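Engineer: predicted model and sequence follow; I will ask about them next.
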Amino acid sequence: MTNYDKARSSILEKINVLEAVEQPLMDCIGQVLAEDVYSEYDLPQVDSSAPDGYAVRSVDIMRASKANPAILQIIETVRAGSLPKKKIRSGTAARIMTGSALPKGADCVVRFEDTDEPADKNGPNSGNPSEVKVYLRVAPGSNIRKAGSTIAKGALVLPKGALIGPAQISALTANGKNRIRVVRRPVIAVISTGDELIAAGRRLSPGKAYDCNSAAIASLISHYGGIPMVLGIARDNEESVSAMMRKGAMADAIITSGGVSKGDYDLIRLVIGKIGELHFSRIKMGPGASFAFGQTHGTLEGGTGGPIPVFALAGPPSGCLINFETLVRPALLKMLGYTKIKHATVKATALDSLPDRKAIAFVKWSKLHDSRGEYRVKLNCSEETGTLASMAMANSLTIIPEGAKVEAGDRIQVLPLDWCLGPVHQD
Ligand code: AMP
Ligand code: MG
């Protein structure tokens, strides 16, 4: 049996980052940028107004106050998207909207709030004024966004390795990018195994079970940025398992579930050994101790040309998901080019006890909540609701190291699951 840390690192050793591809920006959420991106423009391109207000010459309002306003003649209105037509000369002002180009001659902008512009108007000033009273003196340069102050031409917008999320999409789009080079998404073949399995939607009969692992695995693959290729259910004979695994060799990795423990019909390890190499099987962590990892031979017909990893996850749904989260997720993130692939953990106060020491590390589906700035975690959820529902209602995993016990009140490490609603505030 391999312990968890060793299993994880020997998997990661065999995983390579995938190649870069150019893609539409909007398809890149959760992917890693494969090149430095520099700004092609000064943004804003010209000096622009920060607020809605009046573009003026600061010398004309040097003595302005509420009691003694500077009165200026309005010569035009500059709106966003078009350029000013007139120059500001002594005694004149232009109405100017946020983001619009500053007229020549003006060296500052006075906010509408500091003029006689009606405070409660919605939309245009219906009074169509020809003059403005300015109540405040502002220094030269006030309320102006200088050209290039948002970002200068040639400056780095985002470095290679950045993770693309909404803020990165915003910054890149603001620079006119609609395609970027990112590490490509892995295509991952998903295979369930078992003579008892049937697809959801059909009527269940005694002895049969719904195949929920393929659906769960496919959704986790998508969640972490991969592309699932669900191949279906292989039956418990060597031909069926082998044929489906060979089909899976066209993907970047294969994930199976079930058929990896010690039963007569558990054929996954046997088949991995025939189509490739089995690196290890069984880990010292449960649920999900029946886990195996191997690689196909690079020469498989229809394959990608290189050996591809095969993750054989445990059959029981809880162990299967725990295997994915703890052993497949790091590999998937590495393929996608992530450099930070460890789960973040938080320290929480245990609300209940686990007095039994176990021979292997064990994993609890747990409920983490934030109680006035302190995390608390409930570990024994399955007693109340059964395994399946406790898994479905958990928001975290707690890994209890081999030989350890937990007393209520102990401070323990908890791993929040980022695909669940986070540790919500509860009281
Ligand atoms: P096995 O490792 O194949 O002996 O499976 C162990 C347990 O997990 C059995 O009760 C199986 O019915 C169950 N199981 C295996 N594969 C799946 C699956 N894809 N969906 C739901 N349960 C499964
Ligand atoms: Mg089976």
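Structural biologist: Looks like it came in fine. Ligands and ions are numbered 1, 2, ... in the order given.
Engineer: any idea how far the residue in the stretch 251-400 of the chain that ligand 2 sits nearest to lies from ligand 1?
Structural biologist: When distances are taken as C-beta to the ion, the stretch 251-400 of the chain reaches nearest to ligand 2 at residue 258, 4.0 Å away. To be clear about C-beta, it is placed using only N, CA and C from the backbone, and glycine gets the same treatment. Relative to ligand 1, residue 258 is positioned 3 Å away (C-beta to the nearest ligand atom, to the nearest Å).
Engineer: with residue 403 instead?
Structural biologist: The separation that residue 403 has from ligand 1, given C-beta to the nearest ligand atom, amounts to 26 Å.
Engineer: residue 381 - nearest residue in space that isn't next to it in sequence?
Structural biologist: When the adjacent residues along the chain are set aside, residue 381 lies closest to residue 390, with 3.9 Å between them (C-beta to C-beta, 6 or more residues apart in numbering).
Engineer: quick one, phi psi at that neighbour?
Structural biologist: Dihedral angles phi and psi of residue 390 (degrees, to the nearest 10) take the values phi -70, psi -30.
Engineer: if I read this right, it contacts residue 365, doesn't it?
Structural biologist: Yes - contact criterion C-beta atoms under 8 Å: residue 390 and residue 365 qualify, at 5.2 Å.
Engineer: for residue 325, which three-state class applies?
Structural biologist: helix (DSSP: H, G, I helix; E, B strand; the rest coil).
Engineer: pLDDT of stretch 266-282, averaged?
Structural biologist: In this model, stretch 266-282 carries a mean pLDDT of 96.
Engineer: repeat for stretch 414-427
Structural biologist: The pLDDT scores in stretch 414-427 average 76.
Engineer: likewise stretch 33-46?
Structural biologist: Summarised as a single mean, pLDDT over stretch 33-46 is 97.
Engineer: ok, residues contacting it?
Structural biologist: 20, 99, 101-102, 145, 147-164, 168, 172, 174-177, 180-183, 337 (C-beta atoms under 8 Å, 6 or more residues apart in numbering).
Engineer: at 7 Å instead, please
Structural biologist: Taking C-beta atoms under 7 Å, 6 or more residues apart in numbering as the criterion, the residues outside stretch 33-46 that touch it are 20, 101, 145, 147-148, 150-162, 164, 172, 174-177, 180-183.
Engineer: and residue 195, what is it in contact with?
Structural biologist: Applying C-beta under 7 Å, 6+ apart, the residues near residue 195 are 235-236.
Engineer: make residue 1 into 47 and carry on from there
Structural biologist: That works, and once the first residue is 47, the last one we named lands at residue 241.
Engineer: that one: which element?
Structural biologist: Element membership of residue 241, judged by DSSP states H and E, is empty: it is in no helix or strand.
Engineer: sorry, back to before: buried among the contacts of stretch 79-92? Make that a ChimeraX selection.
Structural biologist: Applying 16 or more other C-beta atoms under 10 Å to these, the buried members can be selected in ChimeraX as follows:
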select :66,147,191,193,194,196,197,203,204,208,210,218,221,223,226,227,228,229
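Engineer: show me the contacts of stretch 79-92 that map onto strands.
Structural biologist: Assigned to strands by DSSP state E, the following of these qualify: 66, 191, 202-204, 226-229.
Engineer: what does the protein put close to ligand 1?
Structural biologist: 238, 240, 242-243, 255, 257-260, 303-307, 309, 312, 336, 361-363 (C-beta under 6 Å from any ligand atom).
Engineer: now the strands for the stretch 297-446 of the chain?
Structural biologist: Listed in chain order, the strands of the stretch 297-446 of the chain (DSSP state E, counting those that start in this stretch) span residues 299-303, 322-327, 331-332, 338-342, 355-359, 392-396, 407-417, 420-424, 442-446.
Engineer: no more questions from me, cheers.
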